[in-house]
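K.L.:
This is a predicted model, with the sequence first.
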Amino acid sequence: MDEKEFFQAVANRSRLSRQEAADLTRATLETLALRLSDGEARDLALEVPEPLRDSLNRGRGEMEIFGPKESIRRVRERTGLSESEAARGVRAVLTTLQEAISQKEFEHAMSQLGKEYAQLVESTS
């Protein structure tokens, strides 16, 4: 899957425009990178389409602990989307990410993010 296909999949799932989906995807990956160890963010970056790697690297820093609601709030703040659009969008990005990368890498990332994040993916499958 290349970045255009990734954005289109997010747009279809989130019911947003392709440009909004692209902005949403970048904001979501930057936010998720804050929740991951540097090693996991780096491993994840190796499996996403190359243009999306910058978002995972940009978000890196000291690992923070926060739940999905805070992730959605941060994405909403970065994108200007409504709360429902941001929530739907984060779920869309996670579900598309699951399709775009290896199952092993997705499971590693989810193990760091936690059960609440995994439930976001399951709720849209």
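P.N.:
Sure, I can see it.

K.L.:
how about low-confidence regions in this structure?
P.N.:
The chain contains residues with pLDDT under 70 at 59-61, 122-125.

K.L.:
Kindly recompute the last result at 50.
P.N.:
Along the chain, segments meeting pLDDT under 50 span 124-125.

K.L.:
Now do the strands in it.
P.N.:
Using DSSP state E, the chain contains no strands.

K.L.:
so what's Pro68 closest to, chain neighbours aside?
P.N.:
Nearest non-adjacent residue to Pro68, counting by Cβ to Cβ, 6 or more residues apart in numbering: Glu116, 5.0 Å away. Using the backbone N, CA and C atoms, a C-beta is placed for each residue, glycine as well.

K.L.:
All the helices of this protein, residue numbers only.
P.N.:
Taking DSSP state H to define them, one finds helices in the chain at 3-14, 18-35, 38-47, 50-58, 68-79, 83-100, 103-113, 115-122.
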